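Engineer: fold the following, please.
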Amino acid sequence: MGREFEYDSSGNTTIYFLMSGIVLYLVPATISRLSKKSDSEKDKVEELLCVCKPCRNKRHLVESRKKKEFISWGTIVYITAWVLLLVMAYAVTTFEHEAIWDPFEVLGLDSSATTQEIKKKYRDLSKQLHPDRNLGEETSAMFMRVAKAYEALTDDATRENWEKYGNPDGPQAASFGIALPKWIVDKQNSGLVLGVYVLLLIIVLPVVVASWWYKSMKYVKDEVLVKTVQRLTHYVTKSASIKGLVEAISLAEEFDTLKARTSDGRELPHLLSQLPDLPRAFNKFKAFTKENIKARIILHAHLERLDMSEAMMEDWLECMDKLPVLLKAVVDVVAYQEIREHGFLRVCLHTMNLQQMLVQALPTAHSEPLLQIPHFDDQAVRFCRSKRRKIRTVQQLFALDDDTIRNEVLHSLDETQLEDILAFGRAFPYLQVSHSVRVADKDVGDELTANAVLSVSIQLRRLSLDEWRAVEQTEENESDAEEEQTNMTGKKKTKGGRGKRRRRVVKPVAALQDKEADESAPSDAKTLATTSQDASAKASSSEDNSDADASSGSDVDDDDDEAWEAMQRDLEKGKDKNEDDESTSFPVHCPFYPLEKQEGWWVFLGDEKRNRLLAPIPLIRVTTLKTEKTVTFKMQAPGKGVHHWVLYVVSDSYIGHQVRKEFKLDVQDAAPEDEVSEIEDSEEEEEQSDDESWGDSDSDF
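Structural biologist: Take a look at the predicted model:
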């Protein structure tokens, strides 16, 4: 049986092939466009949206920008694909398909007809369709089909061929259709086809690959220009301040796309006159281009919440669009600078504080976090910070119950303003953090020794306002009970004790301890983390262990360096486990930030005494914390001694919102190499003796 390859002369197979390709694109694209949050989750998020006037103005701005960007190239391609699919589907319905040849159907008989019935039917049709009685091509063709059907049902050999191969003439050549129109292989069109082939493979394809390669060489990951990373690496030093970081970001090459407007000569000096921290003259700016100067002025004007013209607002929106990627690039640069040269912990914290400032559009990272609350101005801040109330943070304000806030603290505001403030308090994130540090190297055992591999696990829990107040009340009751018991026994409080009863109003959320998580955490010998101590206890322990801390700065030998590098490569391969996808958590209240912002948390370890950023590198940013999330990473243990570390969980959105937990590690000296070799030799001898005894037992069998 031969084979025949047939080109698609009718175009039917080509349409089927093209439809398959379009469907492969449309199915995932449609699912992605139709996938939305569940109704319950959407309602929960909508409940947290603030309805104050600045937030309403921001949502209007975001929606108007989305409408302008709705008709994108992706949308055009998507709509075009649907139109082509519908047109092709309609064309398919008009195709004439060759029916399967059935002799019974040709004769108009049932498949159970007898030979007598077949012969009778054939005689009747022969009389009607015989060419001598009826002239015409259709009649003649019909007569031939009837004769062929009669032969297939009456001749044994012909009927056997039909039953086996579906054709009375026996097996036919296999036919394979090629989904290409026949005109492509036509000799008359060979020149045109060859020209298109040369155009695509010799010109278009190399140009596309070259342009892609050129663009990829200009960017590092996260779509940051290589020159920008080089500038950040040069200007972000150990002594960089928050103002210096703003200057470094404004030098990014991404800002070179800002338009030069005729109104800049009038508007930029006007903004500059309202910014006391910037030079009065443009020639005193450290910048590569005029666009860098413009970007720096716009960033400072944003922090001061200054009014801008419509033209300057367009440049402001362009700068804000570039900020998220640039801020993350600064954090990455700081982390990798720590690897090259230790001492970048403070700069890392400054970078995260700057991110909070830019999101909230406030010029300072520490002095007035209350200005993040709707309807709060300088007068309301002074009222809350008075000696009588001593409310300095958002957490201290909302630790009070709603009635106290309404009737005592903010009684001068109207009901609508109070509802906006209470809605902000309900949407504000309250965290509980617990952690554990374990020895991950099974060969070392349970003891924490120098240069061992540690596994750090950090549990984050986001609390609602009511849950957080309940935790606060429970801790206050425990403090009262402990103080009462101390008074009854007549014993004095120790140096590291709780001391006087703390006011619930002034307790920040960073001091929360996840007692339930600490009680449920494993208490085996591998758990090496300790909870934070009070100030007096920390002072005494730091004095006692100063010599031990100094001894931990010894150099690691070459073998340990190789092991550390190997571990870092393994962590680089598996770091995707902690990287979050693009799914969202909860919206951030940031009415002066023109982008939609979701809550995010930087999680890392630091050594404040040495100003060192410890781990993980690159830093982990959690962006999907809705209720609970666990972050895990591995690191190498330090040298011998008592080390005081700090766990940081820093918000990327709210000023002054971070959880800071101190703990210490008591690291022992690693076993000498001679002892290790002796242990390995003894283990090998035991294994050999076991193998010999096992062989003797086999011989007995």
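Engineer: buried residues in stretch 604-624?
Structural biologist: For stretch 604-624, a neighbour-count test (16 or more other CB atoms under 10 Å) marks 604-607, 610-617, 619-623 as buried. Yep, even glycine has a C-beta here, placed from its N, CA and C like the rest.
Engineer: I'd like to know how many residues surround Arg59.
Structural biologist: Arg59 sits with 15 neighbouring residues when counted by other CB atoms under 10 Å.
Engineer: check Asp186 too.
Structural biologist: So Asp186, with other CB under 10 Å, has 12 neighbours.
Engineer: show me where the stretch 401-550 of the chain dips below the pLDDT cut-off.
Structural biologist: Applying pLDDT under 70 to the stretch 401-550 of the chain flags the ranges 442-445, 490-550.
Engineer: quick one: the strands in it?
Structural biologist: Under the criterion DSSP state E, counting those that start in this stretch, strands of the stretch 401-550 of the chain are mapped to 430-439, 453-463.
Engineer: which residues does the longest one contact?
Structural biologist: In other words, strand 453-463. Contacts with strand 453-463, where a contact means CB atoms under 8 Å, 6 or more residues apart in numbering, come from 429-441, 444, 448, 471, 514, 517, 528, 567, 601, 603, 605, 615, 622, 625-637, 647, 649.
Engineer: just the CA trace of it, in CSV.
Structural biologist: C-alpha atoms of strand 453-463 as CSV (Å, rounded to 0.1, in the frame of the first residue of the first chain):
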residue,chain,number,x,y,z
VAL,A,453,24.0,25.6,58.5
LEU,A,454,21.0,27.2,60.2
SER,A,455,17.4,27.0,59.2
VAL,A,456,15.4,30.1,60.1
SER,A,457,11.6,30.0,60.1
ILE,A,458,9.5,33.1,60.6
GLN,A,459,5.7,33.0,61.2
LEU,A,460,3.7,36.1,60.3
ARG,A,461,0.1,36.5,61.4
ARG,A,462,-2.0,39.5,60.4
LEU,A,463,-4.6,40.4,63.0
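Engineer: can you pull the buried residues of it?
Structural biologist: Using 16+ other CB under 10 Å as the test for burial, strand 453-463 gives 453-454, 456-463.
Engineer: quick check: what element follows the longest helix along the chain along the chain?
Structural biologist: As assigned by DSSP state H, the longest helix anywhere in the chain is helix 310-340. The helix or strand immediately downstream of helix 310-340 is helix 345-360, counting by DSSP states H and E.
Engineer: which of the helices or strands spans Asp666?
Structural biologist: strand 658-667.
Engineer: next one: that strand to chain centre, how far?
Structural biologist: Offset of strand 658-667 from its chain centre (CA atoms, centre = their mean, to the nearest Å): 27 Å.
Engineer: need the buried residues of strand 453-463 in a markdown table (columns: distance to Tyr16).
Structural biologist: A markdown table is the format used below for the buried residues of strand 453-463 (distance: CB to CB, whole Å):
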| residue | distance to Tyr16 |
| --- | --- |
| Val453 | 57 |
| Leu454 | 59 |
| Val456 | 56 |
| Ser457 | 54 |
| Ile458 | 54 |
| Gln459 | 54 |
| Leu460 | 52 |
| Arg461 | 54 |
| Arg462 | 52 |
| Leu463 | 57 |
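Engineer: which single one of these is nearest to Lys259?
Structural biologist: Of all the buried residues of strand 453-463, Arg462 has the smallest distance to Lys259: 41.5 Å, by CB to CB.
Engineer: any figure for the gap between the closest one and Asp669?
Structural biologist: Applying CB to CB, to the nearest Å, the value for Arg462 to Asp669 is 41 Å.
Engineer: repeat that for Asp414.
Structural biologist: 67 Å.
Engineer: then Gly425?
Structural biologist: Going from Gly425 to Asp669 by CB to CB gives 51 Å.
Engineer: closest to Leu354 out of the buried residues of strand 453-463?
Structural biologist: Closest approach between the buried residues of strand 453-463 and Leu354, by CB to CB: Leu460, at 22.7 Å.
Engineer: now for the closest residue to that closest one other than its chain neighbours: which residues touch it?
Structural biologist: Of all residues not flanking Leu460 in the chain, Lys629 sits nearest, at 5.0 Å (CB to CB, 6 or more residues apart in numbering). Applying CB under 8 Å, 6+ apart to Lys629 gives the contacts 459-460, 622.
Engineer: ok, His342 next?
Structural biologist: Counted by CB under 8 Å, 6+ apart, His342 has contacts 610-612.
Engineer: how many residues are close by Val325?
Structural biologist: 15.
Engineer: contacting residues for the nearest residue to Leu129 once chain neighbours are set aside?
Structural biologist: Of all residues not flanking Leu129 in the chain, Phe143 sits nearest, at 4.1 Å (CB to CB, 6+ apart). Counting by CB under 8 Å, 6+ apart, Phe143 touches 125-126, 129-131.
Engineer: so for the strand or helix carrying Phe143, mean pLDDT?
Structural biologist: Assessed by DSSP H and E, Phe143 sits inside helix 137-154. On average, the pLDDT along helix 137-154 is 78.
Engineer: before we move on, what about stretch 317-331?
Structural biologist: Mean predicted lDDT for stretch 317-331 stands at 94.
Engineer: just the CA atoms of that stretch, as CSV, please.
Structural biologist: Presented in CSV, the C-alpha positions along stretch 317-331 are these (Å, rounded to 0.1, in the frame of the first residue of the first chain):
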residue,chain,number,x,y,z
LEU,A,317,2.7,60.3,37.4
GLU,A,318,5.6,59.1,35.1
CYS,A,319,8.0,59.3,38.1
MET,A,320,5.6,57.5,40.4
ASP,A,321,5.2,54.7,37.8
LYS,A,322,9.0,54.1,37.8
LEU,A,323,9.4,54.3,41.6
PRO,A,324,8.4,50.7,42.7
VAL,A,325,11.0,49.1,40.4
LEU,A,326,13.7,51.6,41.4
LEU,A,327,13.0,51.2,45.1
LYS,A,328,13.3,47.4,44.9
ALA,A,329,16.5,47.9,42.9
VAL,A,330,18.0,50.0,45.7
VAL,A,331,17.2,47.3,48.3
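Engineer: what comes up buried for it?
Structural biologist: Here stretch 317-331 shows 318-320, 322-324, 326-331 as buried, counting by 16+ other CB under 10 Å.
Engineer: about what we covered before: for the strands of the stretch 401-550 of the chain, which one sits closest to Tyr90?
Structural biologist: strand 453-463 (52.2 Å).
Engineer: next one: that closest one to chain centre, how far?
Structural biologist: Centre-to-centre, strand 453-463 and its host chain are 18 Å apart (CA atoms, centre = their mean).
Engineer: ok and that strand relative to strand 658-667, angle-wise?
Structural biologist: Computed by axes from the mean of the first three to the mean of the last three CA atoms, to 10 degrees, the angle separating strand 453-463 from strand 658-667 equals 150 degrees.
Engineer: ranges for the helices of the stretch 101-250 of the chain?
Structural biologist: Remark: helices assigned in the stretch 101-250 of the chain by DSSP state H, counting those that start in this stretch are 103-107, 115-129, 137-154, 156-165, 190-198, 205-218, 226-235, 242-250.
Engineer: among the ones you listed, where is the model least confident on average?
Structural biologist: Lowest mean pLDDT of the helices of the stretch 101-250 of the chain: helix 156-165, a mean of 71.
Engineer: pull out the buried residues from the helix or strand that contains Lys294.
Structural biologist: Here Lys294 sits within helix 290-303, counting by DSSP H and E. By neighbour count with 16+ other CB under 10 Å, helix 290-303 contains the buried residues 291-303.
Engineer: now do that helix: which elements does it pack against?
Structural biologist: Under the contact criterion of 3 or more CB pairs under 8 Å, 6 or more residues apart in numbering; DSSP states H and E, helix 290-303 touches helix 242-250, helix 264-273, helix 310-340, helix 345-360.
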